[in-house]
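Undergrad: just need the structure, nothing else, for what follows:
(chains A, B, C and D)
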Protein chains: 2
Amino acid sequence: MRAGRELFAEQGYDGASVRAITSRAEANLGAITYHFGSKQALYHEVLRSMVVPLRDRVAEVASRDAPPLDRLDAVVEAYFRHFAAHGDLPRFLMERIAAGQLPPPPVAVAMKSILGTLAGLVREGQRQRSVRDGDPVLLSLSLIAQPVYLTLVQTPLRDVLGLDLADTESFERLVDHARAFVRAGLTASPLPDTA
Amino acid sequence: MRAGRELFAEQGYDGASVRAITSRAEANLGAITYHFGSKQALYHEVLRSMVVPLRDRVAEVASRDAPPLDRLDAVVEAYFRHFAAHGDLPRFLMERIAAGQLPPPPVAVAMKSILGTLAGLVREGQRQRSVRDGDPVLLSLSLIAQPVYLTLVQTPLRDVLGLDLADTESFERLVDHARAFVRAGLTASPLPDTA
DNA sequence: GAACCATTCATACGTTCGTATTATTCGTGA
DNA sequence: TCACGAATAATACGAACGTATGAATGGTTC
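TA: Numbers count the residues shown, from 1 in each chain, chains lettered A, B, ... in the order given. This is a model prediction of the structure:
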């Protein structure tokens, strides 16, 4: 599983061959078929093992005792921290989609679950007028877009622009930036005075 | 080129075989090697043909005669409209990256150029205090994240949530949402009164 | 210590891949 | 009209792929 996670992240699903994975794991060529049934089954297993903790983490942050906006804020941060610890995850979330396929089942269910959680949080914020009006699902997607995209482009940015967002200092700036951006994007415009 | 664009979008770079492409083009298996030199060269050519118009479109919108915030707004819309007309593009922009590779040269070049344009626009807005303080490149990336991510997840959303963002009405709602979100994320907080 | 069973291992199979090779076709310009 | 060259076409090649097969291995249980 570890070798699979690494190689799927490095080379993508198609790029990571069964031979490469088993050889990195110092196992036999047949090991994947034997233990998981197929390459795809291993892939799904790897996905599950990465995506479930993210889902749990988001659910936990979302259920804290704090104003909805603060919790949404915390979700953004949680995403970044989780991605920092599992830098491969955003690639896993998007790879099949970017290759024109449906997301694999583990990703689809996690996506659905997280989106439900966030949309509920947004709705709560809207009820108490702290979050801007608008489709809760769209607002949630816009939130998610930030950590996913910004993490995803980190490597290309480093290689194309020489912009390194991975060292501790830059990373904190990145997180702060995204939190501020999302919070501003979500916050209900302060009402003129009345109301 | 058309067959390549279609199949690369549908199946990803690895998924689209030379045989499938040439057969859809009703051409011979050797056609790609003959006319482009290799599969990868065709891929780069296809990328260039999609990415250059986007770059030009952004540059055009960014050079309009309007307040920076309005132009940034217009860039978001331009992205969405361009993606609506070329729904494959976001996949092309992200596929190799999501597969753990560097972006192909045409994408890297366009990325660099667009990012330069937008960052300049952001800086201009910051100078006249209409755009929030912060790293112009990060702010630009946050802007780009919205059309790219939201377009990218459209298909999965339809299949997973039954949420269809492609019909005209939903699409306009989507664009309006993203514009509002980005504008709010970029706008400098109104100063208390003084200043 | 013998039987059993999960696992490891080496190897083979059939497919598909991208590209190279060689021949053929066909429109164009002298 | 003939020759040239660009384009198409059919086929071959070697490599890599995911998976299947059957034999070895080694620990556990009676």
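
Undergrad: where in chain A is pLDDT low?
TA: Within chain A, the segments meeting pLDDT under 70 span A:191-195.

Undergrad: need the residues of it near DNA strand D, please.
TA: With Cβ under 7 Å from any atom of the strand as the criterion, chain A meets DNA strand D at residues A:16-20, A:29-30, A:32-33, A:38-40. The C-beta positions use only the backbone N, C-alpha and C, and glycine is treated the same way.

Undergrad: again, only using 6 Å
TA: A:17-19, A:29-30, A:33, A:38-40 (Cβ under 6 Å from any atom of the strand).

Undergrad: so which of these are in strands?
TA: Taking DSSP state E, every one of these sits outside strands.

Undergrad: so who does A:Glu124 touch?
TA: Applying Cβ atoms under 8 Å, 6 or more residues apart in numbering or on different chains, we find A:Glu124 in contact with A:Pro68.

Undergrad: check which helix or strand covers it.
TA: Per DSSP states H and E, A:Glu124 falls inside helix A:105-127.

Undergrad: only the buried subset of the residues of chain A next to DNA strand D, as a ChimeraX command please.
TA: ChimeraX command restricting those to the buried ones, with burial defined by 16 or more other Cβ atoms under 10 Å in any protein chain shown:
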select /A:18,39
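
Undergrad: a markdown table for the residues of chain A next to DNA strand D, including distance to B:Pro136?
TA: Formatted as a markdown table, those follow (distance: Cβ to Cβ, whole Å):
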| residue | distance to B:Pro136 |
| --- | --- |
| A:Ser17 | 42 |
| A:Val18 | 45 |
| A:Arg19 | 46 |
| A:Leu29 | 51 |
| A:Gly30 | 53 |
| A:Thr33 | 51 |
| A:Ser38 | 47 |
| A:Lys39 | 43 |
| A:Gln40 | 43 |
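
Undergrad: and which of the residues of chain A next to DNA strand D is nearest A:Glu169?
TA: For these, the residue nearest A:Glu169 by Cβ to Cβ is A:Ser17; the value is 38.0 Å.

Undergrad: and the gap between the closest one and chain B?
TA: A:Ser17 sits 12 Å away from chain B, taking Cβ to the nearest Cβ, to the nearest Å as the criterion.

Undergrad: please name the residues that touch that residue.
TA: If a contact means Cβ under 8 Å, 6+ apart, then A:Ser17 has no contacts.

Undergrad: the residues of chain A next to DNA strand D also near DNA strand C: which ones?
TA: When contact is defined as Cβ under 6 Å from any atom of the strand, those meet DNA strand C at A:29-30.

Undergrad: closest one of the residues of chain A next to DNA strand D to B:Thr155?
TA: Using Cβ to Cβ, the residues of chain A next to DNA strand D come closest to B:Thr155 at A:Gln40, 19.8 Å.

Undergrad: follow-up on the earlier one: got the CA positions of the helix holding A:Glu124 in CSV?
TA: The C-alpha trace of helix A:105-127 is given here as CSV (Å, rounded to 0.1, in the frame of the first residue of the first chain):
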residue,chain,number,x,y,z
PRO,A,105,-15.8,5.3,-5.7
PRO,A,106,-13.8,6.2,-2.6
VAL,A,107,-13.3,9.7,-3.9
ALA,A,108,-16.9,10.1,-4.9
VAL,A,109,-18.3,9.1,-1.6
ALA,A,110,-15.9,11.3,0.3
MET,A,111,-16.6,14.2,-2.0
LYS,A,112,-20.3,13.7,-1.4
SER,A,113,-19.9,13.5,2.3
ILE,A,114,-17.6,16.5,2.7
LEU,A,115,-19.8,18.6,0.4
GLY,A,116,-22.8,17.7,2.6
THR,A,117,-21.0,18.7,5.7
LEU,A,118,-19.8,22.0,4.3
ALA,A,119,-23.1,22.9,2.7
GLY,A,120,-24.8,22.4,6.1
LEU,A,121,-22.3,24.7,7.7
VAL,A,122,-22.8,27.3,5.1
ARG,A,123,-26.6,27.1,5.5
GLU,A,124,-26.2,27.5,9.2
GLY,A,125,-24.1,30.6,8.6
GLN,A,126,-26.7,32.0,6.1
ARG,A,127,-29.5,31.5,8.6
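
Undergrad: same for the helix or strand following that helix, what does it pack against?
TA: Of the helices and strands lying after helix A:105-127 in sequence (DSSP H and E), the nearest is helix A:136-152. Helix A:136-152 is packed against helix A:68-85, helix A:89-98, helix A:105-127, helix A:168-186, helix B:89-98, helix B:136-152, helix B:168-186, with contacts defined by 3 or more Cβ pairs under 8 Å, 6 or more residues apart in numbering or on different chains; DSSP states H and E.

Undergrad: convert the next helix or strand after helix A:136-152 to PDB, retaining C-alpha atoms only.
TA: Next helix or strand after helix A:136-152 toward the C-terminus (DSSP H and E): helix A:154-161. C-alpha atoms of helix A:154-161 as PDB (Å, rounded to 0.1, in the frame of the first residue of the first chain):
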ATOM      1  CA  GLN A 154       2.700  24.000  -5.900                       C
ATOM      2  CA  THR A 155       5.100  21.700  -7.800                       C
ATOM      3  CA  PRO A 156       4.500  23.300 -11.200                       C
ATOM      4  CA  LEU A 157       4.900  26.700  -9.700                       C
ATOM      5  CA  ARG A 158       8.200  25.800  -8.200                       C
ATOM      6  CA  ASP A 159       9.500  24.500 -11.500                       C
ATOM      7  CA  VAL A 160       7.900  27.200 -13.700                       C
ATOM      8  CA  LEU A 161       8.100  30.300 -11.600                       C
END
